[in-house]
Each structure stands twice: as structure tokens, then as C-alpha cells.
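K.L.:
sharing a model that was predicted from the sequence below.
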Amino acid sequence: MEQIYKKAKAKINLSLNVLEKRKDHYHNIESVMQILYFYDELWIERTNKEGITIKCNNQEIKEEENIIYKAYWLLRKKYQISGVKVKLIKKIPTQAGLGGGSADAAAFLKGMNELFSLGISMNELEVLGIELGSDVPTVLHQGCILAKRKGEELERIHTNLKYYIILIKPDISFSTKEMYQKIDFQEKNMTQKFVSKELKQALERENIEQACHYFYNVFEDVSHHKIIEMIKNDLKEQGALVNQMTGSGSCVFGIFKEKEQAKNAYHRLKTKYEKCYFAIPNYGEKGE
């Protein structure tokens, strides 16, 4: 095999709590994440040269700053691999809270494992992934996952609940580092809702209305911005069961029970928001 193709799938946070700050300066979290059928595309090709070259349709992402670049050299330290050439088509908006960079890294790790027949287990991939980013272990998987600690403690949520998602990324972006700093600053005055247990149970019962009662993102308590509220109101007016920011933002998603209603809402909102996307949960595909 000389080339391999991978889909790098986005995630949304159905619930997200930020806990204590760790000695390594990261935070412990507790989050229910849903992997989406909404993805970047990667082609990885062997070369006879050392190192990695990355061709990306998003010129703002510099090669040496790309998480795929970091993932290659992480693998190179531990395994016998030659150089590769990567073509990356970005569809997931950046600085959105959708885990696009983490998804790229996860897809690259899985692709390299297959391309070079490295025999790396999923547990070992997760260990590699956490060195690259806290969301990488989660997006190595499909389906719905409860992530704890830094993001390395994972529990699969057994559900195949069908629903429809509209994602809207406004023109503003939030710095993840600054958002966590706001949490730290306001921690004593904040009361978080800890709902992951109830959310997990509702998802496993495959009851979307009940599950929506337990959606929560602590970053909404520190993200005060008019455009976020406007998007949430627009989604509500279109009939979304719930609307919420994902990750540290700035993307907002709305959940719909019926496909036709979601499609109609998508077409209406697309005329107002340039970065508006339609997605569904991803529970795994044959060959992925």
C-alpha cells in the first residue's frame, strides 16, 4: 500500500464541565462528546524522502504549525517510518470548538498505523494522541464518548440515537487559552451543572427530548457575545430542541428530531450565515 485515505470527523460537546487545574497546567474535564459525520479529508502517501510535506486547502494553517506535522515527528521518534506526503482538505472550520485539528491528528495516526503496518493498538494510539491534544483520544473513536480527566479516560456511551444537527460558526473566534483563564478567574462565583450521568442515561434510552434537558457547556457562562445569542435565537426560532456552543467556541449547534425540519432550517439559516453546516451523529462505518 502506497497511499491511504481517511476521514477526520468533527465532534460536538453535548455536555462540558471544567474541573480543577492540573500541575501540568491543563484542566481536568468531564464531557459527553458526539462524533459527527462531518469531516476533513486526508490522503497520506509514502515517499522516499525523509520528513513530511503537507498540502492544505487552508493557506492560513502553516505546515510546521499543523498538528499533523507534530503527529508525524511523534511517530518518527518511536517507529521506523519513511517520509510521507499529505493532502489535507479542510471542511471543519478552525477555532470553532469542533475538534478539527484533533480529528486531523487522529485520522493521521490511524492512517499511518495502517499504511506502515505498525500494529499500534487503540490504547497505544490514545496514549500517542494525548501527547498531541486533549481531544485526540476521543476523536480516534466513533459514536458517543464520555471523556474525563485531561481527556484520556474514556467511556463509550452505548447509543445509536438518530437526530440532526445544524452547525453555525460565526465570524468571531475565541482563544481556548483565554476561555480557560476566564473559567479560572470566575471559578469561585460559578455554579456548574454536573449532568453527564443523566445525559448518558437518556442517550442510552435513545430519548432525544429527555437528553436535551441535560445538555450543558460551562463555557457559555463566560462567552458573553451578542452573535452567540443571536445564533441561538435563530436556531430556536427554526424549531431546534436545544441550541448550545460546542467546546470553548465559537461554533453553535442546534439539535432537531426530524430530518425535514432540520433541512428546511439549514436552507433558511444558510442564507444568513456563511459557515452553516448540516450534520448527523456518526456511529461508525464499515472500513473506518
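P.N.:
Sure thing, it's come through.

K.L.:
start to end distance for stretch 236-250?
P.N.:
End-to-end distance for stretch 236-250: 17 Å, by CA to CA, to the nearest Å.

K.L.:
check which residues of stretch 61-80 are buried.
P.N.:
Judged by neighbour count using 16 or more other CB atoms under 10 Å, the buried positions of stretch 61-80 are Ile61, Asn66, Ile67, Ile68, Tyr69, Lys70, Ala71, Tyr72, Leu74, Leu75, Arg76. Every residue, glycine included, has its C-beta placed from N, CA and C.

K.L.:
one more: stretch 110-129?
P.N.:
Buried residues in stretch 110-129, counted by 16+ other CB under 10 Å: Lys110, Gly111, Met112, Asn113, Leu115, Phe116, Leu118, Ile120, Leu125, Glu126, Leu128, Gly129.

K.L.:
list of residues touching it?
P.N.:
Here stretch 110-129 makes contact (CB atoms under 8 Å, 6 or more residues apart in numbering) with 1, 3-6, 42, 44, 46, 71-72, 74-75, 78-82, 84, 102, 105-106, 109, 136-137, 140, 152, 154.

K.L.:
any of the residues you listed buried? List them.
P.N.:
Here, 16+ other CB under 10 Å leaves 4, 6, 42, 44, 46, 71-72, 74-75, 81, 84, 102, 105-106, 109, 136-137, 140, 154 buried among the contacts of stretch 110-129.

K.L.:
out of the residues you listed, name the ones that lie in helices.
P.N.:
Among the buried ones among the contacts of stretch 110-129, the residues falling in helices (DSSP state H) are Ala71, Tyr72, Leu74, Leu75, Ser102, Ala105, Ala106, Leu109, Val136, Pro137.

K.L.:
so which of the buried residues of stretch 110-129 comes closest to Pro170?
P.N.:
Nearest to Pro170 among the buried residues of stretch 110-129 is Gly129, at 28.8 Å by CB to CB.

K.L.:
now do the SS call for the closest one.
P.N.:
The three-state label given to Gly129 by DSSP: H, G, I helix; E, B strand; the rest coil is helix.

K.L.:
do Ile12 as well
P.N.:
The three-state label given to Ile12 by three-state DSSP is strand.

K.L.:
tell me the contacts of it?
P.N.:
Going by CB under 8 Å, 6+ apart, Ile12 touches Met33, Gln34, Leu36, Gly97, Leu98, Ile165, Leu167, Thr246, Gly247, Phe253.

K.L.:
skip the chain neighbours and tell me the closest residue to it.
P.N.:
Leaving aside its sequence neighbours, Ile12 sits nearest to Thr246 (CB to CB, 6 or more residues apart in numbering; 4.3 Å).

K.L.:
residue contacts, the one you found?
P.N.:
Applying CB under 8 Å, 6+ apart to Thr246 gives the contacts Lys11, Ile12, Asn13, Ala96, Gly97, Leu98, Leu167, Asn217, Val252, Phe253.

K.L.:
now render these as a markdown table, adding distance to Asn160.
P.N.:
Shown next, in a markdown table, are the contacts of Thr246 (distance: CB to CB, whole Å):
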| residue | distance to Asn160 |
| --- | --- |
| Lys11 | 17 |
| Ile12 | 17 |
| Asn13 | 20 |
| Ala96 | 26 |
| Gly97 | 24 |
| Leu98 | 22 |
| Leu167 | 21 |
| Asn217 | 24 |
| Val252 | 25 |
| Phe253 | 19 |
